[in-house]
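Here you go, sequence then predicted model.
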Amino acid sequence: MDWDDVRPAAPKSIAVGENLETLSVAELEARISAFAAEIERVAAELAKKRAHESAADALFKKP
């Protein structure tokens, strides 16, 4: 047995703008899921940064 056969394959990176014509239905569905998860991750980070910015504004706002 070759150890390269045991090692899991590296996850394929997904980029915006790639050719979609060669992808299967399952690959397209996986791509949608990956992008949806990334959107949720970015939205959560944006919400944290906006909350931090709002707290800083409230702290340093002049009366």
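On my side now, so go ahead.

any idea where the helices of this structure begin and end?
Secondary structure of the chain by DSSP state H: the helices cover 3-6, 25-60.

Adding distance to Val16 and mean pLDDT, write the ones you listed out as JSON lines.
(C-beta placed from N, C-alpha, C; glycine too.) Formatted as JSON lines, the helices of the chain follow (distance: least, C-beta to C-beta, whole Å; pLDDT from 0 to 100):
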{"stretch": "helix 3-6", "distance to Val16": "31", "mean pLDDT": "72"}
{"stretch": "helix 25-60", "distance to Val16": "8", "mean pLDDT": "95"}
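
Same list (those helices) but as JSON lines, adding mean neighbour count.
JSON lines is the format used below for the helices of the chain (neighbours: other C-beta atoms under 10 Å):
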{"stretch": "helix 3-6", "mean neighbour count": "6"}
{"stretch": "helix 25-60", "mean neighbour count": "10"}
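
Of all those helices, which one is nearest Ser13?
For Ser13, the closest of the helices of the chain is helix 25-60, at 9.7 Å, according to C-beta to C-beta.

what about that closest one, distance to the chain center?
Mean C-alpha position of helix 25-60 versus that of the full chain (C-alpha atoms, centre = their mean, to the nearest Å) differs by 8 Å.

What is that helix packed up against?
Helix 25-60 sits against no helix or strand, with contacts defined as 3 or more C-beta pairs under 8 Å, 6 or more residues apart in numbering; DSSP states H and E.

Could you pull up phi and psi at the residue nearest to Arg31 when sequence neighbours are not counted?
Spatial nearest neighbour of Arg31, excluding adjacent residues (C-beta to C-beta, 6 or more residues apart in numbering): Ile14 at 5.7 Å. Dihedral angles phi and psi of Ile14 (degrees, to the nearest 10) take the values phi -120, psi 130.
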